[in-house]
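Visitor: A predicted structure for the sequence below; I have some questions about it.
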Amino acid sequence: MPAPDPAVPALRTEGLTKRYGRLLALDSLDLSVPAGQVFGFLGPNGAGKSTTIRLLLGLARPTAGRAWIFDGPAEDVVAAHTRLAHVPADVALWPRLTGAEVLDLLAGIGPGTDLAYRAELVERFALDPSLPTRAYSTGNRQKVALIAAFATRAPLLVLDEPTSGLDPLMEQEFRAAVREARDRGQTIFLSSHQLAEVEAVCDRVAILRAGRLVEVADVADLRALHRTEVSATLDGPVPDLSAVPGITALRTDEEPGGRTRLRFALTGTPTAVLRALAPADVVALRMREPGLEEIFLDYYGEHRDVRATAAPAGADAQVGR
Amino acid sequence: MTTTAPAPTRPILPTAPGRVVTRLAVRQVRRGAVVVAALSAGMSAVVAATYDGVIAGAPGGAAALAALASNPAIRTLFGEPVALDQAGGFTVWRVGTVLAVLVGIWAGLATVRVLRGEEDTGRWELLLAGRVPAPSAVARHLAVLAGAALAVGAGVALALLVSGTPATGAVVHGASLALIGAFGIGVGALAAQLWPDRGTAAGATVAVLVAGLLARMVGDGVEALAWLRWLSPFGLAALARPYDADRVLPLAVLAAASIALLLVATTAARHRDVRGGLLGGARRRRSHSALLGSVPTFALRSTLRPLTAWTLGIAAFFLLVGLIAESMTRFLRDNPAFADLARQAGFELDAVQGYAATLFTLLAVPLGGFAASRTAALVRAERARRLDLLLAAPLTRVRLLAATTTATAAGSLALAATAALAVWAGSTATGAPLGLGDALAGAANVLPVAALGLGAAVLALGWAPGAVVAVGMLPTAGGFLLTVVADSVDAPDWVAALSPFDHLALVPSTPPDVPAALAMTAIAVCIGLIGLVGYRRRDIRGD
């Protein structure tokens, strides 16, 4: 398989829109995923993540707009799909075929498979390939699709909630396989609800809400935008923190035993706070970086009424270009 | 937080969760039940109402028809004629077997669909997580299905009553149809408990019913084997002799067998896991990767198993047809008057070629069923989301559909060849002079009708995927029913011409109607292409 030109985005959409009757499932999505990245695709249930993936794969037909896979039109599935592999959210297999037979079928029709790497993945994911797939659990069905996709070495992997059925050990294998794929230069488009997983493997994320793109950012930048939560329990006199830069939402609570508990949010470095607390008798200090989860809860909370307040059309459209 | 917490509410417990399950079953069964009931009652009413004008007025009248129908071969095919001198008896003889097969197979397949099909999709896990235990859920579905079978029987009885036939006969015939439905439900229910996948359960159900039909045919045709009819639901219905003896005992046997099957199925539901079956557990086995390398070969591999089952059924039926050919044609040669009469009743039976030709036209119906069921399997793969993995590969929908349609068409050709070989083997064994070439020509003659069925199924796949079986069966089974009714009631020509069967020459006794065959093939290709356009444009969607 020829190495993709790094300047060409692995996938790109322009005004991609899908209506199901009166329901607007996806509203003019403009998205560009650079080649070589692990790109997280996040959003609450019904945000339009799976619809986007079905449109990218040509399983659903767009109401408006277009999509490209490595600059080739997505609707030309023969050309587009020789450069991608897919793991669906809900893996359904042929119940009478064994796992090995399904892997052979997918290799037979797929974009080319590295059989040695596939055998290694079967071992690593601890899949019993001699069972009929009827006997597989959700997680085992997912493993079959994951093994088939990772073994293809296609330059783009489109994974739709691929780990919802995996146990924590297999989840680790999944993350390792994602890193190996990235190291080989593959692009990974990962739709997920597992924010810890996205945090662990993704370079960049896009957030979708109610069919609209609301944010595209590097994971590191997203975190920097957000605040660290600090809680300090003090014995004795309480220093005045109100003038310390970066502190907001300061709360002071009297605790039993004459102690005082301070809670506040901190943006930026903690140096000034630590200096201000130094003279006090600090019994306990806890600092917590917000997880992606909180960032998103925060995010959805803040943007809950994005549509109701009639954001100007096209405001989201420039994001991520 | 200063807002007051909402007062705790008590969860709403419906007093009768079982009724919710019953309503669900009704929703899943009612559409098919209404169609089958309307078709059965409508056909019976039309044939009974026109009896006086058509049969009684024919030369020789009903008496001549009765003599014809007493021939063992005719009896094999259409059942023992009883009371042909009355509208009711004639209706039972002319459309009773067709309706019994329709009701039995519909009931059996609907049962497999609502039990095993729903379980296959995983919906029963959700259903059984509620307060209704599995045996009770099964029993409620079976009760609803049995109610539907009863409604079909009642509809036919009512139609015959309204047409002015005697009440006892109407009730006996209606009851026998309802009981054949109940038997089909029992077989389907048991198969759904035994096998953990819908395809095998449906195949086993149809196999049992077809075996029952063959047992009835042999029992009717061969006097020494007449007892076989007591082993067949169709035979028991015939033994009830509606409009003649109106016997209750055979129906009681059929009712007892049906009830036993229903009870065994309900009990079996207690002894197995959801999504499991009593047979065919998921055991480790050696993988066979033959024919998995490409989409066309995979389509072929997926076709082989169902094709084997269809081949066995068709081979058995047409072997029987071949075995009785000699007896049939000898009778008609000895009684030339009956040959004319037969021609009038729609059967060209005076020579073995004519006899074979008439019987080969029947072949279009199973060929249509095969095409519709294979196309429906593609819809099921889509609904189960199996196609998502296939279509994420470098593969267009056109190629996928071309591969499956080609495999289906090749399977249909193999089935037609099987029928030809079976008739030839049977007739040769009994000394009837039907050449292999004639047999092949007769079977090949119905291929355009089968093609129409495949085209219609593909049309529905593109534009109304939920209706693939109904639309796919329209040219073949629908056309056949229309021809049966049109022949029996002397319908206007344009009505008869709506059926593809009206345009089939009786090959090998007459040369093929090449323009008609070409026209039907062209129509089949056109509607298939329209279906392909729809299939390319629409979304692939699971349920």
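Guide: Structure received. Numbers count the residues shown, from 1 in each chain, chains lettered A, B, ... in the order given.

Visitor: going forward, measure contacts between C-alpha atoms and count neighbours the same way
Guide: Fine.

Visitor: now the helices: where do they sit in chain A?
Guide: Secondary structure of chain A (DSSP state H): helices located at A:49-56, A:77-81, A:99-109, A:115-124, A:138-150, A:168-183, A:195-201, A:219-224, A:271-277, A:292-302.

Visitor: Now do the first one: distance to the chain's middle.
Guide: Which is helix A:49-56. Relative to the centre of its chain, helix A:49-56 is centred 14 Å away, using Cα atoms, centre = their mean, to the nearest Å.

Visitor: per-residue confidence for the residue of the stretch 151-300 of chain A found nearest chain B?
Guide: Proximity of the stretch 151-300 of chain A to chain B (Cα to the nearest Cα) peaks at residue A:158, 9.6 Å away. pLDDT for residue A:158: 97.

Visitor: now residue A:273
Guide: Residue A:273 is given a pLDDT of 86.

Visitor: what's the answer for residue B:21, then?
Guide: 91.

Visitor: What is the burial count for it?
Guide: Neighbour count of residue B:21, defined by other Cα atoms under 10 Å in any protein chain shown: 20.

Visitor: ok, now which ones touch it?
Guide: Going by Cα atoms under 8 Å, 6 or more residues apart in numbering or on different chains, residue B:21 touches B:137, B:140-141.

Visitor: Please list the members of those that lie in strands.
Guide: Using DSSP state E, no member of the contacts of residue B:21 falls in strands.

Visitor: and which of those is nearest chain A?
Guide: Looking across these and measuring by Cα to the nearest Cα, the closest to chain A is residue B:137, at 23.0 Å.

Visitor: Low-confidence bits of the stretch 351-500 of chain B, can you list those?
Guide: Judged against pLDDT under 70, the stretch 351-500 of chain B has no low-scoring part.

Visitor: For it, which residue gets nearest to chain A?
Guide: For the stretch 351-500 of chain B, Cα to the nearest Cα, closest residue to chain A: residue B:394, 4.2 Å.

Visitor: is it true that that residue touches residue A:74?
Guide: No: using Cα atoms under 8 Å, residue B:394 is not in contact with residue A:74; the gap is 11.3 Å.

Visitor: so what sits against both of these two?
Guide: By Cα under 8 Å, 6+ apart, the residues touching both residue B:394 and residue A:74 are residue A:80.

Visitor: residues from the stretch 151-300 of chain A in reach of chain B?
Guide: Within the stretch 151-300 of chain A, not a single residue sits near chain B (Cα under 8 Å from any Cα of the partner chain).

Visitor: So which of residue B:394 and residue A:74 has more stuff around it?
Guide: Set residue B:394 next to residue A:74 and count neighbours by other Cα under 10 Å: residue A:74 wins out with 22 against 19.

Visitor: quick one: contacts for that one?
Guide: A:56-58, A:66-68, A:80.

Visitor: and with 10 Å instead?
Guide: Going by Cα atoms under 10 Å, 6 or more residues apart in numbering or on different chains, residue A:74 touches A:11-13, A:55-58, A:66-68, A:80-81.

Visitor: Neighbour count and pLDDT added to those, as JSON lines?
Guide: Output for these, formatted as JSON lines (neighbours: other Cα atoms under 10 Å in any protein chain shown; pLDDT from 0 to 100):
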{"residue": "A:11", "neighbour count": "22", "pLDDT": "95"}
{"residue": "A:12", "neighbour count": "24", "pLDDT": "95"}
{"residue": "A:13", "neighbour count": "23", "pLDDT": "96"}
{"residue": "A:55", "neighbour count": "23", "pLDDT": "96"}
{"residue": "A:56", "neighbour count": "27", "pLDDT": "96"}
{"residue": "A:57", "neighbour count": "26", "pLDDT": "96"}
{"residue": "A:58", "neighbour count": "25", "pLDDT": "95"}
{"residue": "A:66", "neighbour count": "21", "pLDDT": "96"}
{"residue": "A:67", "neighbour count": "26", "pLDDT": "97"}
{"residue": "A:68", "neighbour count": "19", "pLDDT": "96"}
{"residue": "A:80", "neighbour count": "26", "pLDDT": "96"}
{"residue": "A:81", "neighbour count": "25", "pLDDT": "96"}
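
Visitor: Show the overlap between those and what lies near chain B.
Guide: A:55-58, A:80-81 (Cα under 10 Å from any Cα of the partner chain).

Visitor: Which of those sits closest to residue A:134?
Guide: Nearest to residue A:134 among the ones next to chain B among the contacts of residue A:74, counting by Cα to Cα, is residue A:57 at 26.1 Å.

Visitor: Thanks a lot, see you next time.
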